[in-house]
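In: Sequence plus predicted model, see below.
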Amino acid sequence: QVHLVESGGALVQAGGSLRLSCDVSGRSLGSYAMGWFRRPPGQERSFLSAINWNYGTTYYADSVQGRFTVSRDKDKNVVYLEMNNLKPEDTAVYYCVADLATARAMGQMTRSPEHWGQGTQVTVSS
């Protein structure tokens, strides 16, 4: 079992930056990809980014490419999502996820990733 706990959500002004963290615990993560999804108000969840735990290979949704950066600290067992130039449409609950997949596969899968955190709220004011 993989346990995920997000933190770092906040109210921020448009144009600002925010870094989300995801504390990871549980089984060995060697074959896992870690990722981020979000659910805006009244909308479905959507994929944002993913990173292969071992090799650090990343994959992004087109909508956030260049503004968001995913990274991980293998010593601390933490995954980060750095978000820059935030826009009101980035307002959402952000979820950390994990699955036995590559980062690219996580971004392209048609099923839901296996493990989810509880989510953290990000609100961007205009």
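Out: Sure, I can see it.

In: can you pull out the strands in the chain?
Out: Counting by DSSP state E, the chain has strands at residues 2-7, 11-13, 18-26, 33-39, 46-52, 58-60, 68-73, 78-83, 92-99, 115-116, 120-125.

In: Of these, give the one that comes closest to residue 105.
Out: Between residue 105 and these, the shortest separation by CB to CB is 7.1 Å, and it involves strand 33-39. Where C-beta positions appear, they are placed from N, C-alpha and C, glycine not excepted.

In: Could you check the angle the closest one makes with strand 46-52?
Out: 170 degrees (axes from the mean of the first three to the mean of the last three CA atoms, to 10 degrees).

In: Who does strand 33-39 pair with, and is each partner parallel or antiparallel?
Out: strand 46-52 (antiparallel), strand 92-99 (antiparallel) (DSSP bridges).

In: Pull the residues that contact it.
Out: If you take CB atoms under 8 Å, 6 or more residues apart in numbering as the criterion, strand 33-39 is touched by 20, 22, 24, 45-53, 68, 70, 72, 79, 81, 90, 92-103, 105-107, 113, 119, 122.

In: again, only using 7 Å
Out: Strand 33-39 has contacts (CB atoms under 7 Å, 6 or more residues apart in numbering) with 24, 45-53, 70, 72, 79, 81, 92-99, 101-103, 106, 113.
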